[in-house]
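Enquirer: Just need the structure, nothing else, for what follows:
(2 chains)
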Number of protein chains: 2
Amino acid sequence: MNYPNAIKKKQTTLTREPSFSNRGMLLENELNISNEYYRSIDKAYIYKKPTPIKITNVDYPSRNKAVITKAYFTVPSTTDYNGIYKGKYIDFEAKETKSTTSFALENIHEHQIEHLKNIYRHQGISFIIVRFSTLNKTYLLMTKDLIEFISTEKRKSIPLSYFEEKAYLIKDGYTPRLDYLKIIDQIGGI
Amino acid sequence: MNYPNAIKKKQTTLTREPSFSNRGMLLENELNISNEYYRSIDKAYIYKKPTPIKITNVDYPSRNKAVITKAYFTVPSTTDYNGIYKGKYIDFEAKETKSTTSFALENIHEHQIEHLKNIYRHQGISFIIVRFSTLNKTYLLMTKDLIEFISTEKRKSIPLSYFEEKAYLIKDGYTPRLDYLKIIDQIGGI
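Expert: Sure thing, here's the model as predicted:
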């Protein structure tokens, strides 16, 4: 394992309860170090995809040295994270919200939701991870339950109560930081 | 399906044999339209990952409009393509070589080979696709056979004869352009 010192120091709290000091660590960062941990113990190989961009200009100030001088962020076709766990395909999107009452669906692009549905239909393990950062609570909602909400509710945001009822709370931990695969094991998703 | 016209026109050859007109289409492009075809018939969901870059400067010339003005290409941690096929995780790297005799292993980063090995150990479907562009021949070599070559040979390049013996020739087609999943089906990789 090769955790940056700064991150390691932040984690040396004895309590496993959500604490103020944890709040500064972004969800993406926590997922990255969790995935790094899973790889280090040979449990799963899950990576964050690079940010999709459209490159329009590249300079070559010297031989073998390319510098991108103009590029634009593009809308992702798929989710941010995917990989393999116990031979199966695993795929998810992770988002944070400051809201204390609901998660706006506009935070996830429509074709990302389509993508999650496709993975679900093809027997992959797929879900969204949503952190209510103000509440310091991180939930894992299986695509099945995401689809159910979208197909039965007209609301454009998923209320916290739906997460409390259908999703799984991911507890803060030390190694890994966010043990989301433990939930997949427990619910028999694999 | 939504193929760009330019690409579609190039494909309207009646012969399925390798022809000169096909040579201009890059392997990456052919794989992308093949994957698009697989998605359109709901067969598999396989995508090319975005090119990994390190962004060092972003300008905001107007509200909600970000322009990346400085970024660098970074070494990829994983392979270029991954996704789901029949519930299983599938992962591969694709490369072209102009050589008519061998494929230099330096074309694949060492940690990409490590990644392929990890996927293989975890029961994913993993392989490399290598096109000998001068010969207009495209091979699929399973990671198992790639590992065997690396662990038993001291050579830094895989001779064409090894591909002829161990790999599978992917025939040019119309839909999909490169039906590599047919090979996976045939060899019982799934």
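Enquirer: Could you use CA atoms for every contact and neighbour count after this?
Expert: OK.
Enquirer: Could you pick out the residues of chain A near chain B for me?
Expert: A:45, A:49-53, A:66-73, A:83-90, A:118-119, A:122-124 (C-alpha under 8 Å from any C-alpha of the partner chain).
Enquirer: at 6 Å what do you get?
Expert: A:50, A:52, A:67-72, A:87-89, A:122-124 (C-alpha under 6 Å from any C-alpha of the partner chain).
Enquirer: With respect to B:Leu181, which of the residues you listed is nearest?
Expert: Distance to B:Leu181 across the residues of chain A next to chain B (C-alpha to C-alpha) is lowest for A:His122, with 15.5 Å.
Enquirer: Now do that closest one against A:Ile150, distance only.
Expert: Distance, A:His122 to A:Ile150, using C-alpha to C-alpha, to the nearest Å: 19 Å.
Enquirer: quick one: which of those two has more around it?
Expert: When neighbours are counted by other C-alpha atoms under 10 Å in any protein chain shown, A:His122 and A:Ile150 differ, and A:His122 comes out ahead with 19 against 15.
Enquirer: wait, doesn't the more buried one sit right on B:Gly87?
Expert: Yes - proximity of A:His122 to B:Gly87 meets the contact threshold set by C-alpha atoms under 6 Å, at 5.4 Å.
Enquirer: gap between the residue lying closest to A:Ser157 once chain neighbours are set aside and chain B?
Expert: Sequence neighbours aside, A:Ala104 is the residue nearest to A:Ser157 in space, at 4.0 Å (criterion: C-alpha to C-alpha, 6 or more residues apart in numbering or on different chains). Distance of A:Ala104 to chain B, given as C-alpha to the nearest C-alpha, to the nearest Å: 19 Å.
Enquirer: give me the number of residues near A:Ala104?
Expert: A:Ala104: 14 neighbours (other C-alpha under 10 Å).
Enquirer: So for it, what's the pLDDT?
Expert: pLDDT, A:Ala104: 97.
Enquirer: before we move on, what about the one 10 residues further on?
Expert: The predicted local confidence for A:Glu114 comes out at a pLDDT of 96.
Enquirer: any idea how far it is from A:Ile150?
Expert: 12 Å.
Enquirer: same deal with A:Leu178?
Expert: 26 Å.
Enquirer: Leaving aside the residues adjacent along the chain, what's closest to A:Phe132?
Expert: Spatial nearest neighbour of A:Phe132, excluding adjacent residues (C-alpha to C-alpha, 6+ apart): A:Thr97 at 5.1 Å.
Enquirer: nearest spatial neighbour of A:Asp145, skipping sequence neighbours?
Expert: A:Lys166 (6.9 Å).
Enquirer: burial count for that neighbour?
Expert: 15.
Enquirer: And A:Pro61, by the same measure?
Expert: Neighbours of A:Pro61 (other C-alpha under 10 Å): 9.
Enquirer: For it, give me phi and psi.
Expert: phi -60, psi -30 (degrees, to the nearest 10).
Enquirer: Check the one 3 residues further on too.
Expert: When quoted as degrees, to the nearest 10, the phi and psi of A:Asn64 stand at phi 60, psi 10.
Enquirer: helices and strands around the lengthiest helix in chain A, which ones?
Expert: If you go by DSSP state H, chain A has its longest helix at helix A:27-40. Other elements packing on helix A:27-40 under the criterion 3 or more C-alpha pairs under 6 Å, 6 or more residues apart in numbering or on different chains; DSSP states H and E are strand A:44-48.
Enquirer: what distance separates the strand it packs on from the middle of the whole chain?
Expert: Offset of strand A:44-48 from its chain centre (C-alpha atoms, centre = their mean, to the nearest Å): 11 Å.
Enquirer: again, but for stretch A:173-186
Expert: Chain-centre distance of stretch A:173-186: 13 Å, with C-alpha atoms, centre = their mean.
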